[in-house]
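Engineer: Test case, fold it:
(2 chains)
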Number of protein chains: 2
Amino acid sequence: MSGEKFKAISAADFFYKNKEIAGFDNPVRATYTIMRELVENALDACEQYSILPEVRVKLIDEGNSIYKLKVEDNGIGVPYEQVPYAFAQILFGSKYTLRQSRGIFGLGGKMAILYGQITAHSTVRVTSSTGGFEKYSYELNINIQENRPVIRRKEVGPNPGRWRGTTVQFSFEGDYVRAKPKVVEYFKQTSILLPYANILFVDPDGVLYRFDRVTDVMPKPAEEVQPHPHGIDVEGVQRMINASRSSTMLDFMANNFHRVGVATALNFLKSIKIDPQANPKTLQSRELLTVVSRMKEYDEFQPPDAQCLSPIGMELLKAGIMREFRPEFVAVTQRGASAYSGYPFIVEAAIAYGGEIPITPPDEMSVFRYANKIPLLYDLHSDVAMKVIKKINWQRYRLDLSTMPIAFFIHICATKVPYKTVGKEYIADRPEVEYEIEWALKTCAREVKMHLTRKEKASIVQRRLTVFEKYLPLISRFATELAGAQNQPNVEKVLKRLQIHAKEVEQRSSLQAE
Amino acid sequence: MSGEKFKAISAADFFYKNKEIAGFDNPVRATYTIMRELVENALDACEQYSILPEVRVKLIDEGNSIYKLKVEDNGIGVPYEQVPYAFAQILFGSKYTLRQSRGIFGLGGKMAILYGQITAHSTVRVTSSTGGFEKYSYELNINIQENRPVIRRKEVGPNPGRWRGTTVQFSFEGDYVRAKPKVVEYFKQTSILLPYANILFVDPDGVLYRFDRVTDVMPKPAEEVQPHPHGIDVEGVQRMINASRSSTMLDFMANNFHRVGVATALNFLKSIKIDPQANPKTLQSRELLTVVSRMKEYDEFQPPDAQCLSPIGMELLKAGIMREFRPEFVAVTQRGASAYSGYPFIVEAAIAYGGEIPITPPDEMSVFRYANKIPLLYDLHSDVAMKVIKKINWQRYRLDLSTMPIAFFIHICATKVPYKTVGKEYIADRPEVEYEIEWALKTCAREVKMHLTRKEKASIVQRRLTVFEKYLPLISRFATELAGAQNQPNVEKVLKRLQIHAKEVEQRSSLQAE
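Structural biologist: Sure, this is the predicted structure:
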């Protein structure tokens, strides 16, 4: 009576059947997601090779809610033979290595192309060159059921100007009219973090949005790193053992983990009573489990090296916020590097107060979230940042979120961001991440509190001064008359001292506000 | 200078590297997800074959935050040769057909097992039988990099009792102490919708949670259906054409779509000026695009047939709510079947008022969400239901969510639920789904409004009555005296009539409250 039909499906087929989980819930959302995914790939192709990004995006309305998208970058370019796979095979890409990049799934760009294929029956045209003597153009489809590229047309031509970069073009069914606010917001928030990029967007109404480069200084590109021993799992270690040529645990430990040298490895192995000369390949399941679980707890390991990450930096973050919101005061902080499941990450955060920052109802708080420089514009309420904000007792910092003009800024950069959805809407509440965000915000909160206290103190002193200025002269006069004395004592000296003091307090409080 | 390393990864590897998107963000969440996924598979194995479910779940604390989970069902059983794939190969399963079931990804159960493997280095033991003379046991691992099952041990034994069902057992690293509230809530909310199931859960502290069957009546199992023409995409139609043996469009249309017969097909093809005798395989890309886009708009197609779905039914839903919350009033409604992207779905909703329903702050509203009988306990604020609730102008229904005791219940059953995450936390805002939920809630809201109006009216009449009862006798006495008359007019008759009227109004309003 077993009526069950069993079958296997391809990864492409899985994501085709479940496009929602990649951010393709509806035409509006799809429009936003498609544009974002392609812009991110374009930026990654530049930044990871220290190329000052020149990204041009054009969206054309072709009628019947079909849009043609064209994205051009001056990035590293895709090698000739890789193009079909890089653009028309799901789960194939360059983003599976351990380093900070916007994309991580090797999925977004292809999902966009797949969506164009299933809604507008569109092929994708890719033109690319790595800057050699040739440039090449492909016209591709995805065979979804088998998850393999179908080459409709290909052409190789000369590249006299030694042009280097990639151009992607395809059509899809969307709704730009309703997606517009998010799309524009996306470009705006992106540009805040990328003052070194030229980004150009021409929308279907011909409106031109341009964000011009204001500096040629770029954060150094993120490097690839080995996993950090804190929080790596059994599968990971097992794979390393299978892959490694080390014949001793000592050698294995010292060569495969981020920030673990011979000395550290030796101490660690001793501490868990595993023979440094033992052959990793002959490790028992029980032993392996011990090694891994003890690795997580062992606190003699160096913390992960921030060198492999490229955070925005406090200066740039503060500048961006100041430019956008002209707050009365902003506190910025950058946490040291930490790690979850062996992935190093850094949390940068800021709290801005006053100025052009609005007072918001509790369910529409001003929280700006970035992950590896991507602005996250959806699903705030499911994000770990929101969880932390709700958790913190703000009274302790004399902050009242519902009556004060406050905005939060959180940027997490990581070799792998623990996104909750393939659509990269929000970040999962990994305990390690939660902890870092909490302390980042608390640090900022403390500064804001200090600023407010100073402000208050200054105004008290000022009030006191006014009182003195008003009554001291009178008092001295009456006192003189009562005493029947002739010449009044001079109160100026006293007042001067008070005035100077007031100035000092004043300055000290305003000082921080710059 | 192209330093890009390109490579492909397996589906298993993808989900291993991105477990967050499957609901494995942290030990607490993982514990909840693992138990839920396995219970759902157990229930599906019963309900889809009209077997009254007997599900036993046992969780044992093995120390060092390692737990052993054992789930037993009396379902259809997994065929001998399918076991390794059904439990140790990602994206292989019986859930890719078009019918209502809890699981849809063919992923959850395997992710749970995979998580056990990577955190506790555990194998999975599966014992199953389809009720034949044999029962068989497997001990399995997943080769994650290649996404294929590894059989560690297998045994075939006699099955004298002709036992039928499946037992799954494995260990994982978790945190039951903190997951407990959600886990227990999950069992409770599940049992509300499954009065015909026996569910037993023994937790690590030995506490026994049992939910006993109160009826042998089961909703008829969901049937498999063809896609509905409204909203199917180009890829889908292309696949059908490739798969079909039809040599004419007419034949193709009439044999491959839900609720489309020869007559309808003929009218449709005429309306879009496509020759019914044309061969589908020779259709031009442009033509195909027209067919599909017009299919979406054509309103002569019959709406999808609810027969393929198995909703809870208004009675059962109301009963469940009444049992749990004893509200003063509850309005229940079931929408007709609709479809998104060719997937039929039905929305059932209820609004309960008063009784034991609490008054909640706006950001903790009482919203109970179910999808294909699965309670959704996470990420309310990202769910389409919440979007709709925020959108509706409740004043129009004289409802104030922040001051009135109101709870919302939304159940969507579909051949495919548009989950936003693989972890099945919440539902994407497909326009069609949003529309149905909105109208379901508005229908309920109207009833609640009527109830409140009646209640108010009743109390007004009552107040008026009291006034009359108090003053009418006096008035008549004074009037008599003033008139100097002897015998007072009898006001009893008038009062009687008023009292009767009040009773009627009273009854009419309380009537609905039952």
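Engineer: Residue of the stretch 251-400 of chain A nearest chain B, please.
Structural biologist: Closest residue of the stretch 251-400 of chain A to chain B, C-beta to the nearest C-beta: A:His381 (3.2 Å). Quick note: C-beta positions are derived from backbone N, CA and C, even for glycine.
Engineer: isn't that residue right next to B:His381, touching?
Structural biologist: Yes: with contacts counted by C-beta atoms under 8 Å, A:His381 reaches B:His381, the gap being 3.2 Å.
Engineer: Is the one residue sitting closest to the centre of chain A bridged to anything, and to what?
Structural biologist: Nearest to the mean C-alpha position of chain A, counting by C-alpha atoms, centre = their mean, stands A:Ala371 at 1.7 Å. Per DSSP bridges, the residues bridged to A:Ala371 are A:Ile374, A:Ile412.
Engineer: Would you enumerate the residues in contact with it?
Structural biologist: A:411-414, A:417, A:419, A:424, A:427 (C-beta atoms under 8 Å, 6 or more residues apart in numbering or on different chains).
Engineer: where along the stretch 101-250 of chain A do the strands fall?
Structural biologist: Here the stretch 101-250 of chain A has its strands, by DSSP state E, counting those that start in this stretch, at A:124-130, A:134-143, A:148-158, A:164-173, A:198-202, A:208-211.
Engineer: mind checking which of those is nearest chain B?
Structural biologist: Comparing the strands of the stretch 101-250 of chain A by C-beta to the nearest C-beta, strand A:124-130 comes nearest, at 4.7 Å.
Engineer: Does the closest one reach chain B?
Structural biologist: Yes: against chain B, strand A:124-130 shows contacts by C-beta under 8 Å from any C-beta of the partner chain at A:Thr130.
Engineer: Which secondary structure elements does that strand sit against?
Structural biologist: helix A:83-88, helix A:108-120, strand A:134-143, strand A:164-173 (3 or more C-beta pairs under 8 Å, 6 or more residues apart in numbering or on different chains; DSSP states H and E).
Engineer: May I see the strands of the stretch 101-250 of chain A organised as JSON lines, with mean pLDDT added?
Structural biologist: Converted to JSON lines, these look like this (pLDDT from 0 to 100):
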{"stretch": "strand A:124-130", "mean pLDDT": "95"}
{"stretch": "strand A:134-143", "mean pLDDT": "95"}
{"stretch": "strand A:148-158", "mean pLDDT": "95"}
{"stretch": "strand A:164-173", "mean pLDDT": "96"}
{"stretch": "strand A:198-202", "mean pLDDT": "95"}
{"stretch": "strand A:208-211", "mean pLDDT": "92"}
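Engineer: Nearest to B:Tyr435, out of these?
Structural biologist: strand A:164-173 (18.7 Å; C-beta to C-beta).
Engineer: Can you dump the C-alpha atoms of that closest one in PDB for me?
Structural biologist: What follows is strand A:164-173, C-alpha atoms only, in PDB (Å, rounded to 0.1, in the frame of the first residue of the first chain):
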ATOM      1  CA  ARG A 164      38.100  44.800 -18.400                       C
ATOM      2  CA  GLY A 165      34.800  44.100 -16.800                       C
ATOM      3  CA  THR A 166      31.500  42.400 -17.100                       C
ATOM      4  CA  THR A 167      28.100  43.400 -18.600                       C
ATOM      5  CA  VAL A 168      25.000  41.400 -17.800                       C
ATOM      6  CA  GLN A 169      21.600  41.900 -19.500                       C
ATOM      7  CA  PHE A 170      18.300  40.200 -19.300                       C
ATOM      8  CA  SER A 171      14.600  40.800 -18.900                       C
ATOM      9  CA  PHE A 172      12.100  39.900 -16.200                       C
ATOM     10  CA  GLU A 173       8.600  40.500 -15.000                       C
END
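Engineer: and stretch A:288-299, C-alpha only, in PDB?
Structural biologist: Taking C-alpha atoms only, stretch A:288-299 is exported to PDB below (Å, rounded to 0.1, in the frame of the first residue of the first chain):
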ATOM      1  CA  LEU A 288      37.400  13.600  17.400                       C
ATOM      2  CA  LEU A 289      34.300  14.700  19.200                       C
ATOM      3  CA  THR A 290      36.400  15.600  22.300                       C
ATOM      4  CA  VAL A 291      38.900  17.500  20.200                       C
ATOM      5  CA  VAL A 292      36.200  19.600  18.600                       C
ATOM      6  CA  SER A 293      34.200  20.300  21.700                       C
ATOM      7  CA  ARG A 294      37.300  21.200  23.700                       C
ATOM      8  CA  MET A 295      38.500  23.400  20.800                       C
ATOM      9  CA  LYS A 296      35.300  25.500  21.300                       C
ATOM     10  CA  GLU A 297      36.100  26.000  25.000                       C
ATOM     11  CA  TYR A 298      39.900  26.400  24.900                       C
ATOM     12  CA  ASP A 299      40.600  30.100  25.600                       C
END
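Engineer: And that stretch, how far out from the chain middle?
Structural biologist: Centre-to-centre, stretch A:288-299 and its host chain are 30 Å apart (C-alpha atoms, centre = their mean, to the nearest Å).
Engineer: ditto for stretch A:11-28
Structural biologist: Worked out by C-alpha atoms, centre = their mean, stretch A:11-28 lies 23 Å from the chain centre.
Engineer: what's the first-to-last distance across that stretch?
Structural biologist: 25 Å (C-alpha to C-alpha, to the nearest Å).
Engineer: Please see if it touches chain B.
Structural biologist: Yes: residues of stretch A:11-28 contacting chain B under C-beta under 8 Å from any C-beta: A:11, A:14, A:16-18, A:20-21, A:25-26.
Engineer: Return the set of buried residues in that stretch.
Structural biologist: Neighbour-count burial for stretch A:11-28, counted by 16 or more other C-beta atoms under 10 Å in any protein chain shown, picks out A:11-28.
Engineer: what about that stretch, average pLDDT?
Structural biologist: Stretch A:11-28 comes out with an average pLDDT of 82.
Engineer: quick one: pLDDT of the residue in the stretch 151-300 of chain A positioned nearest to chain B?
Structural biologist: Of all residues in the stretch 151-300 of chain A, A:Glu235 sits closest to chain B, at 3.9 Å by C-beta to the nearest C-beta. Among the per-residue scores, A:Glu235 shows a pLDDT of 87.
Engineer: burial of the residue nearest to it when sequence neighbours are not counted, as a residue count?
Structural biologist: Closest residue in space to A:Glu235, ignoring its immediate chain neighbours: B:Ile118 at 3.9 Å, by C-beta to C-beta, 6 or more residues apart in numbering or on different chains. Other residues lying near B:Ile118 total 24 when counted by other C-beta atoms under 10 Å in any protein chain shown.
Engineer: residues in contact with B:Ile118?
Structural biologist: A:233-236, B:16, B:144.
Engineer: Distance to A:Glu62 added to these, as a markdown table?
Structural biologist: Output for the contacts of B:Ile118, formatted as a markdown table (distance: C-beta to C-beta, whole Å):
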| residue | distance to A:Glu62 |
| --- | --- |
| A:Asp233 | 48 |
| A:Val234 | 52 |
| A:Glu235 | 47 |
| A:Gly236 | 47 |
| B:Tyr16 | 40 |
| B:Ile144 | 43 |
